[in-house]
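Participant: got a predicted structure here, sequence first:
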Amino acid sequence: MNASSFFGKKVVAATFLMAVFGWGIGFYGPPIFMYAVMQRTGWSLALCSAAVTLHFLAGTLVVVKLPVLYKRAGIPLTTLFGAMTLALGVYGWSIASQPYQLFIAAILSGFGWVTMGAAAVNAIIAPWFVSKRPGALAMAYNGASIGGVIFSSVWVYLIGRFGFSQASIGVGVLSVFVIALLCFYVFRVRPGQIGQYPDGESYAPIEQAQSSSPAVISLWNNRQFLTLTVAMSLGLFAQIGLISQLFLLLVGHVAEQQAGLAMGLATVSAIAGRFLSSWLLSPSASRRRVAGMSYGCQFAGCLSLMGIGAFPELLWVGMVLFGLGIGNATSLPPLIAQSEFARQQIQRVVTLIVATAQGCYAFAPVVFGGARSLFAGEAGELFILAMAGCFQGLAIFALFVGSKGSEQSGIMFKSPGSNGANPSA
């Protein structure tokens, strides 16, 4: 087969575009929505932070059911319905006049965005790539970063120019239209339907032909699974918690447009961080060590941001360092799982770690919002930055503990066709 005709390339491009809208609206949008709602209604930081928490918590209910939804309705319909639900939810944020209306809108937006989130990206890419999956996922996940680059500034501009309600309608209609095209022209296609195989091979990979299945392991008693879940949960708890308050933190030091640009800079850095991690993932590299380095960059970013009161230029340094780890926090854990568990178990492992992490980090906005409310002015900022740094440090420790277990267990969780310590690099 001609490599240029491999449909998997179109799948990566389509998933990239899906991630642009998914993360741009559902991940990077809520902190800006929260600020817009506070400006319009005068509601408290704690109340609006609770809405952001509900947004992410509601998504957890859908993430754990995604495999079932894909099996019953298929990826295209699930994704399209999710995009429509997200658009409706964001519009609800813009017109809410009572707190209960805001919470209903948060539930809808949370339900919708996860159908274009991390678990969805993995599910769409997985049938098309095995050995080349790290690179394919890295390219697809760059859409999430581009979504942050674009929407962090676009949301601020559109809301300021046209109002939150009109901005939400315009972005919502555009996103549903684009996702509909992707669903019906790309996501509905499977390799077997057009006579293709994963990675663009002209024959079925040997490991796919294996009929034997590894023994089912109890994940909740497995050190690799537990430490990976804890690391992802802690890292994203720190990241989501800080991001949820970041726009408010930044506008205390720079203008709103500059704050949007600063958040965009962080997501540009996320692209660089993902390319750097992809380059570091050689066949002999420890994926946990690379993930630890990524969390370390975010830890350094938190330290830098703590100094912006005395040295304003550290704001940009801090945003770059913190941004380097944003994308890796979601893309590296599934790749670690791919290298440590049998292929037949990967979908289950990835679904569980993503759902557990989202269930944990969903509470981050309200925790960080409440923590900031305990102190006035700069003291509140320093406190939440210190909290984020501590959680990142604990995530690094969890990865280290898991790496010890991985070395001791060797290849006991590898798929039958694996050929080395890092079969998918």
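Facilitator: Noted; the coordinates are in hand.

Participant: which parts of the stretch 201-350 of the chain are strands?
Facilitator: Here the stretch 201-350 of the chain has no strands by DSSP state E, counting those that start in this stretch.

Participant: which residues of the stretch 51-200 of the chain score low on pLDDT?
Facilitator: Counting by pLDDT under 70, the stretch 51-200 of the chain has no low-confidence residues at all.

Participant: hmm, 90 instead?
Facilitator: Per-residue confidence for the stretch 51-200 of the chain (pLDDT under 90) gives these ranges: 53, 56-57, 59-67, 117-119, 122, 126, 129-153, 156, 192-200.

Participant: give me the residue at the spatial middle of the chain.
Facilitator: Nearest to the mean C-alpha position of the chain, by Cα atoms, centre = their mean, lies T330 at 4.6 Å.

Participant: check contacts around F56.
Facilitator: Counting by Cβ atoms under 8 Å, 6 or more residues apart in numbering, F56 makes contact with P30, G110, I240, Q358, Y361, A362, A364, P365. C-beta: built from backbone N, CA, C; applies to glycine.

Participant: try it again with 10 Å
Facilitator: When contacts are counted by Cβ atoms under 10 Å, 6 or more residues apart in numbering, F56 is found next to 26-27, 30, 106, 109-110, 113-114, 236, 240, 244, 358-366.

Participant: and A126, by the same measure?
Facilitator: When contacts are counted by Cβ under 10 Å, 6+ apart, A126 is found next to R133, A136, L137, P198, P334, Q338, R343, I346, Q347, V350.

Participant: hmm, A120 and the third one touching each other?
Facilitator: No: distance between L137 and A120: 12.0 Å, which falls outside the contact criterion (Cβ atoms under 10 Å).

Participant: between these two, which contacts overlap?
Facilitator: What both L137 and A120 touch, as defined by Cβ under 10 Å, 6+ apart, is the set T15.

Participant: of the contacts of A126, which is the nearest to A231?
Facilitator: Proximity to A231 was ranked across the contacts of A126 by Cβ to Cβ; first place goes to P334, at 12.6 Å.

Participant: can you report how many residues lie near that closest one?
Facilitator: Applying other Cβ atoms under 10 Å, we find 27 other residues in the vicinity of P334.

Participant: strands - which of the contacts of F56 land there?
Facilitator: Among the contacts of F56, DSSP state E puts none in strands.

Participant: which of the residues you listed fall in helices?
Facilitator: Counting by DSSP state H, the part of those found in helices is 26, 30, 106, 109-110, 113, 236, 240, 244, 358-361, 364-366.

Participant: which one in those is the model shakiest on?
Facilitator: Lowest pLDDT of those: Q358, 80.

Participant: ok, back up a step: export the contacts of A126 as TSV, with columns for distance to F383.
Facilitator: Formatted as TSV, the entries for the contacts of A126 read as follows, by distance: Cβ to Cβ, whole Å:
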residue	distance to F383
R133	40
A136	40
L137	35
P198	48
P334	32
Q338	37
R343	44
I346	39
Q347	39
V350	34
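
Participant: and those, which are buried?
Facilitator: Among the contacts of A126, those classed as buried by neighbour count (16 or more other Cβ atoms under 10 Å) are R133, A136, L137, P198, P334, Q338, R343, I346, Q347, V350.

Participant: ok, these vs G264, which is closest?
Facilitator: Nearest to G264 out of the buried ones among the contacts of A126 is L137 (Cβ to Cβ; 22.7 Å).
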